[in-house]
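> Here's my sequence, what's the structure:
(one chain, ligands or ions: 2)
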Amino acid sequence: MNDILLNKNELKNNQGIIISGSKSETNRLLLLQAIYPNLNIENASNSDDSEVMRNALQLVDNSSEINVHHAGTAMRFLTSYFAVKEGAEVVISGSERMHERPIKILVDSLNQLGSNISYLNKEGFPPIKIIGKKIKNNKVLIDANVSSQYITSLMLVGSSLPNGLEIQLKGSITSIPYIKMTLSVLQSLGIKAEFNDKTIRISKTEKLTNDTFVVESDWSSASYYYSLIALSKIDTQITLGYFKQNSLQGDAVLTEIYQNFGIQTIFTDNKIILKKVENLSIKNINLNLNNAPDIAQTIIVTCLGLGITCNLTGLHTLKIKETDRLQALKNELEKFGASVSISADSIQLNNSIDFKKESVSIETYQDHRMAMSFAPLALKQSLIIKNAHVVSKSYPDFWNHLKSLNTSTKYL
Ligand SMILES: O=C(O)C1=C[C@@H](OP(=O)(O)O)[C@@H](O)[C@H](O)C1
Ligand SMILES: C=C(OP(=O)(O)O)C(=O)O
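Ligands and ions are numbered 1, 2, ... in the order given. Below is the predicted model of the structure:
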């Protein structure tokens, strides 16, 4: 499968869609399962990124080469895992893009603790070589402004260290809900962990008091249905499982954000019903998405589809994700005739547009979220999504699920 043609269409009624488990929760739990083998994970993610994590952690040989492909969480979480595993000797590499995604902040902190990690190519970037060490130190300082994944990575190994771990965060803290997710996962398994102001403390824990964790489905994946419903007629609705009202995932903020686009979220049992209840007449929206960077692409494409201008801020991390997402969005949104400006941490969609008769071809830059965030625009005009298979990084079922709602999904 390469490119996919989405002819202009309306949503069809359906029996509801079950989205697989959150990749963020799953990748945390897989690492914890490697430390605490009795841990039982239910509704785990079927994403490529979780598969990469699973395979890497199943290595029996202490001396191995691991390729994490595009999986940022796997790259960062596995670095700490092997760095504190006495006797391990591994090389971790990834896709070309992964070798442009910085890791120095995490490596410096681990080496400060007593690890032995070196760069095989460019200083500060994967591939890296790790020689696992027994870590006796229990205090570490880390820059918190570039990626919360570095902090999660340290938190996940903290309870396995002989003296636990105290992590001091330096500077402003980015993507905070992901740190809180890690904290909640640890606490719910019975690991003593606290996060006050700029200090995180994880206590040494031999055994989990609760050894089953049910992963909630992935809210970032749900965002594409919010966009589809936002671009549909009043009363259109869709049911998604399995979600809960008290989510650990910051992207559950979708329920609030999409009220701006006339969408109501109804929680019933373990599912949500998204329903378009109003055609609101807002013309412009301003949002700081520092807490929910992964839904920025979804939201700006919804705005384009609805003819709303928008100003999204707090997005400095988008430049170091699967692609430079700010530049990629600008390139693709401008194909529709939109005027888009970007800065180091923001993006503005400045005008509304007229949709075209001919299909528009969307480049996806090896970024699953470029493919999935543009797909809902097929309710407004025909699209060709290039390299459509990229979605499997987080949501392998995406095109099949979309097809169950929309008759015309054609592989080219
Ligand atoms: O911890 C996690 O599971 C994630 C943290 C976020 O990254 P940053 O902290 O680098 O923004 C997010 O964008 C990513 O998709 C998943
Ligand atoms: C940024 C993402 O993932 P990662 O950083 O784990 O590659 C994402 O899924 O949008």
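> Over to residue 167. Which of the three states is it?
Per DSSP: H, G, I helix; E, B strand; the rest coil, the local secondary structure of residue 167 is strand.
> and the closest residue in space to it that isn't next to it in sequence, what does it touch?
Leaving aside its sequence neighbours, residue 167 sits nearest to residue 200 (C-beta to C-beta, 6 or more residues apart in numbering; 4.3 Å). Where C-beta positions appear, they are placed from N, C-alpha and C, glycine not excepted. Counting by C-beta atoms under 8 Å, 6 or more residues apart in numbering, residue 200 touches 151, 155, 165-167, 169, 179, 183, 193-194.
> Just the buried residues out of those residues, in ChimeraX syntax.
Entered in ChimeraX, the line below selects the buried ones among these, by 16 or more other C-beta atoms under 10 Å:
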select :151,155,165,167,169,179,183,193
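> Just say helix, strand or coil for the residue nearest to residue 167.
Once three-state DSSP is applied, residue 200 turns out strand.
> Bridged to it, which residues?
residue 167, residue 195 (DSSP bridges).
> Now do the closest residue to residue 242 other than its chain neighbours against residue 241, distance only.
What sits nearest to residue 242 in space, not counting adjacent residues and going by C-beta to C-beta, 6+ apart, is residue 270, at 4.4 Å. As judged by C-beta to C-beta, to the nearest Å, residue 270 and residue 241 stand 6 Å apart.
> Looking only at neighbour counts, state which of the two leads.
The neighbour comparison of residue 270 against residue 241 (other C-beta atoms under 10 Å) goes to residue 241, with 16 against 13.
> what's the neighbour count on residue 326?
Residue 326 has 25 neighbours, counted by other C-beta under 10 Å.
> Tell me the buried residues in the host helix or strand of it?
Following DSSP states H and E, one finds residue 326 within helix 325-333. By neighbour count with 16+ other C-beta under 10 Å, helix 325-333 contains the buried residues 325-326, 328-330, 332-333.
> Is ligand 1 within reach of that helix?
No: judged by C-beta under 6 Å from any ligand atom, helix 325-333 and ligand 1 are separated, with a smallest distance of 9.9 Å.
> Extract the C-alpha set from that helix and format it as PDB.
Output in PDB follows, covering the C-alpha atoms of helix 325-333 (Å, rounded to 0.1, in the frame of the first residue of the first chain):
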ATOM      1  CA  ARG A 325       5.600  19.400  12.000                       C
ATOM      2  CA  LEU A 326       5.200  23.200  11.900                       C
ATOM      3  CA  GLN A 327       7.000  23.400   8.500                       C
ATOM      4  CA  ALA A 328       5.100  20.300   7.200                       C
ATOM      5  CA  LEU A 329       1.800  21.800   8.200                       C
ATOM      6  CA  LYS A 330       2.600  25.100   6.500                       C
ATOM      7  CA  ASN A 331       3.600  23.300   3.300                       C
ATOM      8  CA  GLU A 332       0.500  21.200   3.100                       C
ATOM      9  CA  LEU A 333      -2.100  23.700   4.300                       C
END
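> Report the distance from stretch 181-199 to the chain centre.
Distance of stretch 181-199 from its chain centroid, counting by C-alpha atoms, centre = their mean, to the nearest Å, is 20 Å.
> pLDDT (mean, whole number) over that stretch?
In this model, stretch 181-199 has a mean pLDDT of 98.
> That stretch vs ligand 1: in contact?
No: using C-beta under 6 Å from any ligand atom, stretch 181-199 stays clear of ligand 1, coming no nearer than 7.0 Å.
> And stretch 322-336, end to end?
End-to-end distance for stretch 322-336, by C-alpha to C-alpha, to the nearest Å: 23 Å.
> same thing with stretch 202-212?
20 Å.
> Return the set of buried residues in it.
202, 205, 208.
> who's in contact with it?
36, 38-40, 42, 155, 158-167, 186, 188-193.
> do the same with stretch 256-271
Against stretch 256-271 from outside (C-beta under 8 Å, 6+ apart): 16, 226, 229-230, 234, 239-245, 254-255, 272-280, 282, 285, 287, 295, 299, 302, 306, 308.
> Separate out the buried members of those residues.
Counted by 16+ other C-beta under 10 Å, the contacts of stretch 256-271 give 226, 229-230, 239-244, 254-255, 272, 274-276, 285, 287, 295, 299, 302, 306, 308 as buried.
> Among those residues, which are located in helices?
226, 229-230, 254-255, 299, 302, 306 (DSSP state H).
> Checking residue 344 next. Helix, strand or coil?
Residue 344 is classified as coil under three-state DSSP.
> Surely it is in contact with residue 317?
No: the pair residue 344 and residue 317 fails to qualify as a contact (C-beta atoms under 8 Å) at a distance of 10.7 Å.
> on that earlier part again, the residue nearest to residue 167 and ligand 2, how far apart?
Counting by C-beta to the nearest ligand atom, to the nearest Å, the gap from residue 200 to ligand 2 is 20 Å.
> I appreciate the help and will end here.
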